[in-house]
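Novice: No letters, just coordinates:
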């Protein structure tokens, strides 16, 4: 009888540890209640892409308060580059989805607990964030933030946002061909700074 009770107790503890491990693997470094799970967006609706963007922002961008969707659209790398300049992480035939959100966002930095709250509070929060999804994998290729929305003035067609003082990196003449696992490798140019 003791052996059955002991075995049952070990089995229950094993199940509880397994559930805890699955939760950590499912959302590594993320807030567990946000629900971002990377999955293909090939057959997704714009609403599903928007939901993925909001879940990613909640999980990894320390979003607080109300989040407003300002833009959601599928696009080609060339179209993206016409608004934002060069996109070194995309390839020629890749399908992208762009989500732009407005709200109060920080960056959920790695090393939570290792970075003091004082340092964390000095990092400026963003009013706008964008996420470029690779439609095939559902993964994020690039995430950017803006404290005032200037980077998104043109694509949002919102003249109330300030003009972007930063010069865009001119788009490349041609994008690299896609490979099965993403962009073909390339050598990054040396920094001019």
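Specialist: On my side now, so go ahead. Note that the structure is predicted; figures quoted are calculated from it, not measured.

Novice: Mind listing what's buried along the longest strand along the chain?
Specialist: The single longest strand within the chain, with elements called by DSSP state E, is strand 64-75. Under the neighbour-count criterion of 16 or more other C-beta atoms under 10 Å, strand 64-75 has 67, 69, 70, 71, 72, 75 buried. In this view, the C-beta of every residue, glycine as well, is placed from N, C-alpha and C.

Novice: Quick one: residues contacting the fifth one.
Specialist: Taking C-beta atoms under 8 Å, 6 or more residues apart in numbering as the definition of contact, the neighbours of residue 72 are 46, 49, 50, 53, 97, 98, 99, 100.

Novice: Restricted to strands, list those.
Specialist: Counting by DSSP E, these place 97, 98, 99, 100 in strands.

Novice: For the third one, give me the pLDDT.
Specialist: To tie it back to what came earlier, the one meant is residue 99. Looking at residue 99, its pLDDT stands at 97.

Novice: Out of the ones in strands among the contacts of residue 72, who's the most crowded?
Specialist: Using other C-beta atoms under 10 Å as the neighbour test, those are led by residue 99, with 25 neighbours.

Novice: Wait, that residue touches residue 75, no?
Specialist: No - in this structure, residue 99 is not within contact of residue 75 by C-beta atoms under 8 Å, at 11.1 Å.

Novice: Turn the contacts of residue 72 into a markdown table, including distance to residue 143.
Specialist: Formatted as a markdown table, the contacts of residue 72 follow (distance: C-beta to C-beta, whole Å):
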| residue | distance to residue 143 |
| --- | --- |
| 46 | 19 |
| 49 | 14 |
| 50 | 15 |
| 53 | 10 |
| 97 | 13 |
| 98 | 11 |
| 99 | 10 |
| 100 | 11 |
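
Novice: Tell me how this structure divides into domains.
Specialist: Domain segmentation of the chain under automatic domain parsing yields 1-30, 35-178.
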